[in-house]
Structures are given as structure tokens and as C-alpha cells.
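Undergrad: sequence isn't available, so here's the structure alone:
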């Protein structure tokens, strides 16, 4: 009988790429997908770091694709890394976090993805600018306004003003998609610390579609947008813009008046078939005042007035100036305040008491009070509503010039010693204060993106009332805005950097 020689079995050695198989069991962070760049890191170190990250619940992709959210590199030459990334032709590159290894190290130490900070970002290559221009390095710009810092300084006003006209025109026509597209594009350009001088500089920016770029190109070439000029000269746009500038008149009412052939305030006031509600009556009566911008000095004076009233009623009250003035703006169209007390339930009678005191002082020109309809049992809500359910009142107050440092912001030819100013007060329960403060501070686009980020990236529902974690199926408590940002894994953005 023939016997085969006793040859030792040779085990086939797996290639490193085959040896490391992505595992999905034990994944803790579904919305974070890492890709570790092997260049400069080396294959064995990359394999070790991949296994470390997976052991802590991270998803690490072996192949760079549009699924990746975080690219981590030890590349010391940023220009070389970015050149390689752009050659990979990722569709979502503008929204990907391109990070230094320090972010990875900190995340491994914490056992979770830490908030991405500026110091973690690998700077982009120099942008291609017109001949003679000074190149400016920029970091990857997030598609979410809540991950960008936007001050009141706007280096691209020539574009954002045009976008806002286009967005408003789409809003008047009730076309939501393009309206939001132009608002997002304007928000991105407002956040840039540099002015766009050529269209090539926008190639890596998110939220800029073909239409927005076409408008920008026209402005760069001709100094203006012909589309915007056509809108500004359109009778319907001009009329709806005029009518909606009146306190209490929304787009639907303005459209109804326009279709009836009305074109001016005098047309409306002369039409006996039109019955104005109380808010609209006050809007027309005080139009010259409340259509004029409110100065920061006037807002401060109103804060002093409200503060004195509130603390006379309840010394422990909490009062905060919100809206554009909290974001550092010099002017606004009204003045918003949040007021509450440490005593849960006391806020329910706080606004009526404030209104009574303002009446006694003789400075209340108009008031609409809405009682609270807040019910924690009806949360979480998957549908964000324009208005929250807290007690609130919409006021017009008489502000004396003698109370304003530097005097009133007057209209030309106005010799009165006072003016009417729009003031809004909202009163949440104290345990909802942080959510209300965040929501009422704005800006509108910042808040919209913050809610979108919470839902898309964190599987959470955020509004002016609460933050709900859909994964844990629980509400997350917060006593400060910083608590909310921390729950969302976001770097804290100061109010003056939320002018999106």
C-alpha cells in the first residue's frame, strides 16, 4: 500500500486587509463611522487602532466611502492629505470631519466620540483665488449651522442679501424647498471669515446648489443679480412685503388683500369690508414706530423697566434678554425676554401680574396674552411647531426718550419724546428654562439646524420644551444651554456666534 509522505500542513496566511473583518456587534455609536488613513500611520498601527476603536463600540470602515463621517489621519502635511481626499471624489466630503489623531486619542480615552473642536480639524488646502489675491486656508465647513461659529460680521453680504430676497419670494409663493435652500446657503456664507472672490472658492462648501451658484456667478460678473432685481421690481412682491411689515399681518392675509386688488395701506383702511383684528389695528396705529429698528440702547432701557417690574412682583425672578440682542446685534425689530421663577408653578400667574403693573405705569399700548398650554405628557413631539406652548404675551410699550442712554432711535423729523416698541415676554417653568432660552435666542436657521442635527446625527428630538433621546427612550435634563450642547456631543457655541 502506498503511503503519502508525512508533509506538514501549510496554513494560508491571511493578508492584513482580510484579517481585520469589521464587526457590528457591540456597536454603541451608529451615527459615527470612522476611516483611519493608512498613509503615514502604517498598516500594523492602523490595524491596532481599528481593533481598539471597535472594542469601544465605534464603527471603523476599511474602505473610504460616502458612509464615512470622520476621517482620522496622522499626516503632518495637510495639503498632501487634502489633495488625496479630493482625488477620492467623495460626494459628502464637505460634511466629513477631517481630523487629527488627537481627536481619536481623546475619544478612545473618553470611550465615546468627543465633540469636534477647531483644534482637532486638519486645515484644508489653500483655495484657488483670483490672481493677486491673498490665499486663505479654511477648515472643513459643516452643513449644520450649530457646528459653525457665525458672528454679526458678514463678509459676504452682497450674496446673502440676494439669497434672502429669493428665499422670501419663495416663501410668499409657499415653495418650501428652494426657500430653505437659499436660507441654508446664506447661512453658510455668513459663517465664512473671508469674502468669496471667485466661484472656484466655493467648491468645497456645503449647501450651495446650482441655482445659488448661478446667482453668485452673476453677482461676481455684473455686481448684481438680474433675477433679484426682477423680484424687487415685481408688484406682487412689493405689495406682500409692505403688508407683512404690519404687526399682525402674515403672508396669507397679505395675499388675500393683494388678490382683492389692494395695493397700499390707504386701500386697506378705506375698505369697509375689511375687519382688522386688535393686533392689526395696533399695527397700523403704531406703524411708523414699530416698523423702525430698535437700538441696543433702547433694548437695555426696556430690560431695566421689565426687570424693575418683575422683581417688585417676585424678588427671586429670573429675567433674560433673548433674540438678536443676546446674539450681539446692534438693532432688532422687537425685544424678547424670558421670565420665570425658581418656584415651579409660580410662572403661571407671573405674566398677568407683569401686565397689570405695566398698565398701572401707563406705558402699555397693546397687549395680547396667551396662557400656557404646556403639557409634558404630550412630549416628545416629532413635529416642530413655530410657537412653543409656554405662557407668553405680545406687547407694545411706550418708551420715553429720557430713559434711553443717548436718546431714542428716531425717525427723521420726529420730535416726540417717546416711541412705541414691540416687546415679547415668554414664561416657561424653571425646569424648562434652558430649552426656552436656547430656542428664543435663535437665530432661526441656527435653531433649525440644531434640531435637524439632533434628529439626524443623534436620534434625539429637540424643541423649546425638551430634549428626548429616542435610543434610550428618555428625556435628558438640562439646567443650562451648555448641558444641551453636551447631550448632543456638540462644542458649545456662544450666543454671539449663533448669527446664522
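TA: Cool, got the structure. None of these values were measured; they are calculated from a predicted model.
Undergrad: tell me how many other residues crowd residue 233.
TA: Using other C-beta atoms under 10 Å, residue 233 has 9 neighbouring residues. Just so you know, the C-beta spots here come from the backbone N, C-alpha and C atoms, and that holds for glycine as well.
Undergrad: one more: residue 401?
TA: 16.
Undergrad: need the contact list for the nearest residue to it once chain neighbours are set aside.
TA: Closest residue in space to residue 401, ignoring its immediate chain neighbours: residue 408 at 4.4 Å, by C-beta to C-beta, 6 or more residues apart in numbering. Counting by C-beta atoms under 8 Å, 6 or more residues apart in numbering, residue 408 touches 298, 399, 401, 418, 419.
Undergrad: count of neighbours near the first one?
TA: Spelled out, that is residue 298. 25.
Undergrad: identify the farthest-apart pair in the contacts of residue 408.
TA: 298 and 418 (11.1 Å; C-beta to C-beta).
Undergrad: shared neighbours of the two, which are they?
TA: Common neighbours of residue 298 and residue 418 (C-beta under 8 Å, 6+ apart) are 399, 408.
Undergrad: residue nearest the centroid of the protein?
TA: Nearest to the mean C-alpha position of the chain, by C-alpha atoms, centre = their mean, lies residue 446 at 0.5 Å.
Undergrad: check the secondary structure at that one for me.
TA: helix (DSSP: H, G, I helix; E, B strand; the rest coil).
Undergrad: correct me, but it touches residue 500?
TA: Yes - using C-beta atoms under 8 Å, residue 446 is in contact with residue 500, at 4.1 Å.
Undergrad: need the overlap of contacts for the two.
TA: By C-beta under 8 Å, 6+ apart, the residues touching both residue 446 and residue 500 are 145, 150, 187.
Undergrad: can you pull out the helices in the stretch 51-200 of the chain?
TA: Per DSSP state H, counting those that start in this stretch, the stretch 51-200 of the chain carries helices over the ranges 78-87, 101-110, 157-172, 176-191.
Undergrad: quick one: buried residues of the second one?
TA: Counting neighbours by 16 or more other C-beta atoms under 10 Å, one finds that the buried residues in helix 101-110 are 101, 103, 104, 107, 108.
Undergrad: ok, the fourth one to residue 239 distance?
TA: Right, residue 107. 55 Å (C-beta to C-beta, to the nearest Å).
Undergrad: just the strands in the stretch 301-450 of the chain please.
TA: Remark: strands assigned in the stretch 301-450 of the chain by DSSP state E, counting those that start in this stretch are 318-321, 331-332, 335-340, 364-370, 391-400, 418-427.
Undergrad: any quick PyMOL command for the buried ones out of the shared contacts of residue 446 and residue 500?
TA: For anyone working in PyMOL, the buried entries among the shared contacts of residue 446 and residue 500, judged by 16+ other C-beta under 10 Å, can be selected with:
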select buried, resi 145+150+187
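Undergrad: any idea which of the shared contacts of residue 446 and residue 500 is closest to residue 382?
TA: residue 145 (21.3 Å).
Undergrad: pretty sure that closest one contacts residue 493?
TA: No - between residue 145 and residue 493 there is no contact under C-beta under 8 Å: 9.0 Å.
Undergrad: where do the contact lists of these two overlap?
TA: residue 446.
Undergrad: okay, domains of the protein per the record?
TA: Per the record, the chain has its domains at 16-120, 145-230, 234-285, 294-433, 444-497, by automatic domain parsing.
Undergrad: want to throw those into CSV with mean pLDDT?
TA: What follows is these, written out as CSV (pLDDT from 0 to 100):
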stretch, mean pLDDT
domain 16-120, 82
domain 145-230, 94
domain 234-285, 97
domain 294-433, 93
domain 444-497, 95
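Undergrad: ok, back up a step: would you turn the strands of the stretch 301-450 of the chain into JSON lines with distance to residue 227?
TA: Output for these, formatted as JSON lines (distance: least, C-beta to C-beta, whole Å):
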{"stretch": "strand 318-321", "distance to residue 227": "38"}
{"stretch": "strand 331-332", "distance to residue 227": "28"}
{"stretch": "strand 335-340", "distance to residue 227": "34"}
{"stretch": "strand 364-370", "distance to residue 227": "38"}
{"stretch": "strand 391-400", "distance to residue 227": "35"}
{"stretch": "strand 418-427", "distance to residue 227": "32"}
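Undergrad: deepest in the core, which of the ones you listed is it.
TA: Most buried of these, by mean neighbour count (mean count of other C-beta atoms under 10 Å): strand 335-340, with a mean of 25.
Undergrad: hang on, the earlier thing: which of the buried residues of helix 101-110 lies closest to residue 39?
TA: Nearest member of the buried residues of helix 101-110 to residue 39, counting by C-beta to C-beta, is residue 101, at 12.3 Å.
Undergrad: if I look at the closest residue in space to residue 407 that isn't next to it in sequence, how far off is residue 423?
TA: Nearest residue to residue 407, sequence neighbours excluded (C-beta to C-beta, 6+ apart): residue 401, at 5.5 Å. Distance, residue 401 to residue 423, using C-beta to C-beta: 17 Å.
Undergrad: what's the answer for residue 176, then?
TA: Distance from residue 176 to residue 423, by C-beta to C-beta: 30 Å.
Undergrad: likewise for residue 74?
TA: Distance from residue 74 to residue 423, by C-beta to C-beta: 55 Å.
Undergrad: and residue 216, by the same measure?
TA: For residue 216, the distance to residue 423 - C-beta to C-beta - is 38 Å.
Undergrad: and residue 207, how many neighbours?
TA: The burial count for residue 207: 23, using other C-beta under 10 Å.
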